[in-house]
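Undergrad: starting from these lines, generate the structure:
(one chain, ligands or ions: 2)
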Amino acid sequence: MDDPVLLTGAGGRVGQAILRDLADDYDWRLLDREPLPREKIPESVDADAVYVADVTDDEAVAEAVDGVGAIIHLAGDPRPEAPWDSVLRNNIDGTQTVFEAAVEADVDKVAFASSNHAVGAFETDERTPDMYRPHDDYRLDGTELPRPSNLYGVSKATGETLGRYYHDHYDLSVVCVRIGNLTRGHPPWNYERGQAMWLSYRDCARLFDCCLTADYGYEIVYGISDNERKYYDISRAREVLGYEPVDNSKEFEDHPKNQ
Ligand SMILES: NC(=O)C1=CN([C@@H]2O[C@H](COP(=O)(O)OP(=O)(O)OC[C@H]3O[C@@H](n4cnc5c(N)ncnc54)[C@H](O)[C@@H]3O)[C@@H](O)[C@H]2O)C=CC1
Ligand SMILES: O=C1O[C@H](COP(=O)(O)O)[C@@H](O)[C@H](O)[C@H]1O
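TA: Ligands and ions are numbered 1, 2, ... in the order given. Below is the predicted model of the structure:
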């Protein structure tokens, strides 16, 4: 990808995981509604490539998108318990604004940060906790319909559907990454669900790197590390995107904080 890449929500956890490993690999433009402190901006990024803007501001988004080849769209309210007015504005309206700006500016591809919470209601009382354990072979693979856990999950499922619309009607390449649980350094302690859907920082960067370099039409993939415990099948991410995760939450299983 020689053209600039816009990263929305650049100051957050996922954005910083991506920039930590890919700062020098792309010509980044960074957008966040909060001013980014110096330590969150890679040295390779000029000040005029940093946009302080809300993703619901269509004029500001159009300016940031002009001339980019791809967008990684992360900005939004990430709280599973977020109220409807917030996810409606930040996640649904903001995502539609980004997709619309992308087609207006003739952008090639958009990687959209969806979530495990778009499908959290598959985790029924009958299936849990077994589905979080290595012996269990229950899998979601991205072909299933959404079954959101909460209104935040509804907003992520809506973002996926917006992506489908902009792909089908405007030929925009769209990949929706149902991100699991991103934590730095180690998986969440004493949390089987979180360990089954752990996404390490370096695997997060590897996955979004693939989203920028691979060819695809419309895809929904799961964003987790190569965990032994899992209920998400990452074959599609491997096959279509070339994703090769290197971490596995099992490596931390005997850590004292897990006992
Ligand atoms: N961290 C995780 O484990 C997971 C994250 N995700 C998704 O990934 C994305 C990023 O999540 P995190 O980095 O964890 O969240 P975060 O809260 O650390 O970062 C989000 C960033 O987006 C910015 N932002 C929020 N609303 C905005 C708006 N309306 N306009 C412009 N900027 C705005 C915030 O200022 C913040 O810097 C979110 O869409 C979240 O739903 C999905 C699944 C798991
Ligand atoms: O979508 C998200 O999912 C992760 C994991 O969910 P949790 O309910 O197991 O914590 C969450 O940590 C993150 O904030 C959220 O954006």
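
Undergrad: spatially central residue in this structure, please.
TA: The centre of the chain sits closest to A113, judged by C-alpha atoms, centre = their mean, with a distance of 2.8 Å.

Undergrad: would you mind measuring from Y243 to R178?
TA: The gap separating Y243 from R178 is 13 Å, by C-beta to C-beta, to the nearest Å. Every residue, glycine included, has its C-beta placed from N, CA and C.

Undergrad: what is in contact with the two at once?
TA: Common contacts of Y243 and R178, defined by C-beta atoms under 8 Å, 6 or more residues apart in numbering, comprise V221.

Undergrad: what average pLDDT does the helix or strand encompassing V14 get?
TA: Under the assignment given by DSSP states H and E, the secondary-structure element containing V14 is helix 13-22. Rounded to a whole number, the mean pLDDT of helix 13-22 is 98.

Undergrad: what helices or strands is the helix or strand following that helix leaning on?
TA: Scanning forward in sequence from helix 13-22, with DSSP H and E defining helices and strands, the next element found is strand 28-32. Judged by 3 or more C-beta pairs under 8 Å, 6 or more residues apart in numbering; DSSP states H and E, the packing partners of strand 28-32 are strand 5-8, helix 13-22, strand 50-52, helix 58-65.

Undergrad: ligand 1 is nearest to which of those?
TA: Ligand 1 lies closest to helix 13-22 among those, at 3.7 Å (C-beta to the nearest ligand atom).

Undergrad: other residues contacting that closest one?
TA: Counting contacts by C-beta under 8 Å, 6+ apart, the residues outside helix 13-22 that touch it are 7, 9-10, 28, 30, 32, 40, 42, 72, 74, 113, 179, 182, 184, 201-202, 204-206, 208-209.

Undergrad: buried stuff in the host helix or strand of L207?
TA: In this structure, L207 sits in helix 201-213 according to DSSP H and E. Neighbour-count burial for helix 201-213, with 16 or more other C-beta atoms under 10 Å as criterion, is recorded at Y201, R202, D203, C204, A205, R206, L207, F208, D209, C210, C211, L212.

Undergrad: no further questions, thank you.
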